[in-house]
Structure formats: structure tokens, C-alpha cells
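In: Sequence first, then the predicted structure:
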Amino acid sequence: MDFSKLEKSITGAVKEQQIKLGYRSEKVRLYYPLTSLNRLIGEECSIEQMLEYLKEYAETVSNEYGNIEITNVKDRFCFLIPEKGSDYIHECMGNDEFLVEFIETIRKHGCTFEEVLDVFQKYSGKVHVEKIENGEFDYLLSFEDGNPDDFIYCLNVDEEHIIYHRFTPDDYEELV
């Protein structure tokens, strides 16, 4: 079983949390719906099958992350990553310079869309910008070549601040 996309999603979410809140050696809970997990592992699984695959995944990363607890309520899965996993991700996964600068930029009161766009363009000459009029988001930003990452950033621009959501391309497609 190829768990590389799941691993990338988990480490990315933990790193994002550590950038936003600051690093602490602590347990981290991540939640995924079954549909997202199916896309991440490239299979169409039932809840029971997914639990089996996730048990296998937890065993493959236990040396680095410790014992990940995986539970579910209906089709929503919770990954409880112990302190050891949080520490490992912090120490061994390096800093994502783009994400650090992006979060620092939007964290500022009065941040503008142009400032956010400048951060994207600093890291790539191939930035996709799309105005969205769906009532939830105002803009979509992504890197056309997937570098420095392949996430889709949806921004809601308010007069005083910017709120963002970061999606995998597949999760974004399901959203729209």
C-alpha cells in the first residue's frame, strides 16, 4: 500500500499547526473524512477496510511517530499523534519557508491580498490566481507547477484580515 500522500498530508497539517501556534511537544489530533482518506491512499474502501489500512500505516510509522491511535465515528476518522510524532515532524521535516512566510503575512492585521500574492510570487513565477464568487471564498491561489507545494489556497478577504483554507487538489475538486 502506498501511504506517501497520506504521510504528506499528515506531516503538512502538523507543520502548519506548529507554524501557526508555535511548536510544543504535544499530542496532535487530525480529522479526515473517509472520502479524503480514499483519495490519499488511492483506494475505494469501506470504513472497516480503511481501519485495517490505517492500522498498517500506523505500524509503518511507529518508529518515528510512536503509537498513533486511529478511531472513527461513522465516516470521520481521528488520528491521535503522540508527542513523539509531533517532535519528529518538528525536528526532522524541516521548515517550509513558503508556508512560514505566508502564515506570518496573513497573521498581520490589515494584510492585503496584494501582500499575499507577493509572497506567492516570491516563491514561484508560476502562480495561478483566480477570483472566486461562490459566497465563501474570494480568491484561489496555487502554484501551477506544484512547487513549492501543490495545495490550493482559498482566501476570504475581509477589510481587516484574510482567512485561508488549504486543500489538496482532489479535496478542492470535491468541494466545488
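Out: Happy to help now that I have it.

In: before we move on, what SS does the closest residue to Y23 other than its chain neighbours have?
Out: In space, and not counting its chain neighbours, Y23 is closest to H90: 5.0 Å by Cβ to Cβ, 6 or more residues apart in numbering. To be clear about C-beta, it is placed using only N, CA and C from the backbone, and glycine gets the same treatment. Following DSSP: H, G, I helix; E, B strand; the rest coil, H90 is assigned to helix.

In: contacting residues for H90?
Out: By Cβ atoms under 8 Å, 6 or more residues apart in numbering, the contact set of H90 is 15, 18, 23.

In: So for the second one, what pLDDT did the model give?
Out: In this model, Q18 is scored at 94, pLDDT.

In: just the last one next, same as before
Out: Y23 is assigned a predicted lDDT (pLDDT) of 92.

In: How about the first one?
Out: On the pLDDT scale, K15 is placed at 93.

In: all helices of this structure, in order?
Out: 4-21, 34-41, 47-60, 62-65, 83-92, 97-107, 113-123, 169-175 (DSSP state H).

In: Only alpha carbons, please: show the fifth one as CSV.
Out: Yep, that's helix 83-92 we're talking about. C-alpha atoms of helix 83-92 as CSV (Å, rounded to 0.1, in the frame of the first residue of the first chain):
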residue,chain,number,x,y,z
GLU,A,83,4.2,13.7,21.4
LYS,A,84,6.9,11.6,19.8
GLY,A,85,5.3,12.1,16.4
SER,A,86,4.9,15.9,16.9
ASP,A,87,8.6,16.1,18.0
TYR,A,88,9.7,14.0,15.0
ILE,A,89,7.9,16.2,12.5
HIS,A,90,9.3,19.3,14.1
GLU,A,91,12.8,18.1,14.2
CYS,A,92,13.1,16.1,11.0
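
In: tell me which residues in that helix are buried?
Out: Neighbour counts using 16 or more other Cβ atoms under 10 Å place 84-90 of helix 83-92 among the buried residues.

In: For the residue lying farthest from the centre of the chain, give its distance to F137.
Out: Using Cα atoms, centre = their mean, the residue of the chain lying farthest from its centre is E159. It sits 25.8 Å away. According to Cβ to Cβ, to the nearest Å, E159 and F137 sit 16 Å apart.

In: number of nearby residues for V28?
Out: For V28, the neighbour count with other Cβ atoms under 10 Å is 19.

In: How about it, nearest residue that isn't a chain neighbour?
Out: For V28, the spatially nearest residue (Cβ to Cβ, 6+ apart) is I81, at 4.6 Å.
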